[in-house]
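>>> no sequence for this one, just the structure:
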């Protein structure tokens, strides 16, 4: 009994339970007849899939959001995206602050885990910043997008589309109301850049954007975490853009336009692959080399404490730094004149291995239940785990078991493998003594 009570008070359990409760509520609301244009409403599995995808800010859909869902269903989806992106505990805490309610110590512990912070110091101020920064970013994005969409739609429709896609972009959700993502705007640089900057800022992590503003954009004054995130993000954007541009340079089905438009399309797809899920080029028409590049970017994902998924940029950077130190013969992992702690390095490799194992298991099971080609299946599984939302077009044709597989993969990708592990495991048990060391052969 004591063990059950201790697990119920576990911040990781509370965090997982809040996501599950939101998914269940979303499933019920989306299954209502008034939420969709489908006769009798969405089936349970389809409603569960759509709710999970929205809460986990993934963007994979089994029905078309813009045509198969009613305005009520679309608004429910948008609310799930907003709460799922920021986290239920973050919004609940902000509401409590607004009405003057006291935030308990246990609530602060849950917030610490939800926001991926090392300590409780300044946690409530961080919540206020997150709420404010999100509101301002989404408002600016909505205004710009409404202005651009007003050229094609009446002002009421343009305003609705602007809000929906601004919220979806900032939360790295990838949901759209056009039915073909942003293919209709593949030549509109303003729409593309607005969407890109929304999901880049949403994917950097709130602690990084706060640090940038506090230090007045002076890179040398940034924290080590911010430096690693920013440099890794820039390098990944450069690598992705260059790779896609080169691999698609002779593929006129994807980059059939001027040099600047081809470059912007390559940049957009490079940025969106790391959890955003929008696309301005047909993914199915891309070369295998480009699709493999997108797979790599989806696996890495966004940064810790952000609205995105994946193993995170810092985990990838740490692994790269370990390889560099081994090749140089260094015992310590040094970056920006700082040494990374050993436990952090261990955790990074654990995350990578568990994440890779999750995708491997998910993909293997999909090959047993689905009849699509291997690349499409692997792409779907990786997209679900990275909470990306890009697909090669098989999502709506998945079997019941395939949908259930992707639902679990999206959920695990959103909460993080270690969160689930810590929720299920007991507290750290130290032996009190050390065993003697002995080497084994490696390589």
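Alright, I've got the coordinates. Fair warning: this is a prediction, and the values are worked out from it, not measured in the lab.
>>> what is the burial count for residue 377?
The burial count assigned to residue 377 is 23, neighbours taken as other C-beta atoms under 10 Å. For the C-beta atoms, the positions are set from N, CA and C on the backbone; glycine is no exception.
>>> next SSE downstream of the helix or strand hosting it?
Element membership for residue 377, per DSSP states H and E: helix 374-385. Sequence-wise, the next helix or strand beyond helix 374-385 is helix 400-415, with elements assigned using DSSP H and E.
>>> which other residues reach that following helix?
Under the criterion C-beta atoms under 8 Å, 6 or more residues apart in numbering, residues 15-16, 19, 23, 45-46, 48-49, 52-53, 55-58, 60, 62, 84, 309-310, 358-359, 362, 365-366, 369-370, 380-381, 384-387, 395, 398, 420 lie in contact with helix 400-415.
>>> what's in contact with the helix or strand that contains residue 49?
When elements are assigned from DSSP H and E, residue 49 belongs to helix 44-55. Applying C-beta under 8 Å, 6+ apart, the external contacts of helix 44-55 come out as 19, 22-31, 35, 41-42, 58-63, 69, 77, 80-81, 83-84, 173, 175, 389, 400, 403-404, 406-407, 410-411, 414.
>>> try it again with 6 Å
Residues outside helix 44-55 that contact it (C-beta atoms under 6 Å, 6 or more residues apart in numbering) are 22-23, 26-27, 30-31, 60, 62, 77, 80-81, 84, 400, 403, 407, 410-411.
>>> mean confidence score for stretch 412-426?
This predicted structure assigns stretch 412-426 an average pLDDT of 69.
>>> and for stretch 283-297?
For stretch 283-297, the per-residue pLDDT values average out at 94.
>>> next one: it to chain centre, how far?
A distance of 18 Å separates the C-alpha centroid of stretch 283-297 from that of its chain, computed with C-alpha atoms, centre = their mean, to the nearest Å.
>>> where does the stretch 1-150 of the chain dip in pLDDT?
Residue ranges of the stretch 1-150 of the chain with pLDDT under 70: 1-11, 88-101, 103, 105-107, 110-121.
>>> tell me the buried residues in the strand or helix carrying residue 356?
For residue 356, the host element (DSSP H and E) is helix 342-369. Residues of helix 342-369 classed as buried under the neighbour-count rule (16 or more other C-beta atoms under 10 Å) are 345, 348, 351, 352, 354, 355, 358, 359, 362, 363, 365, 366.
>>> tell me the one of those nearest residue 438?
residue 345 (21.1 Å; C-beta to C-beta).
>>> the closest one and residue 37: what is the separation?
Residue 345 sits at a distance of 51 Å from residue 37 (criterion: C-beta to C-beta, to the nearest Å).
>>> ramachandran coordinates for the closest residue to residue 270 other than its chain neighbours?
Ranked by C-beta to C-beta, 6 or more residues apart in numbering and with sequence neighbours excluded, the top spatial neighbour of residue 270 is residue 240, at 2.9 Å. Taking degrees, to the nearest 10, you get phi -60, psi -50 for the backbone angles of residue 240.
>>> ok so, going back, among the contacts of helix 44-55, which ones are buried?
The neighbour-count test (16+ other C-beta under 10 Å) applied to the contacts of helix 44-55 identifies 22-23, 26-27, 30-31, 60, 62, 77, 80-81, 84, 403, 407, 410-411 as buried.
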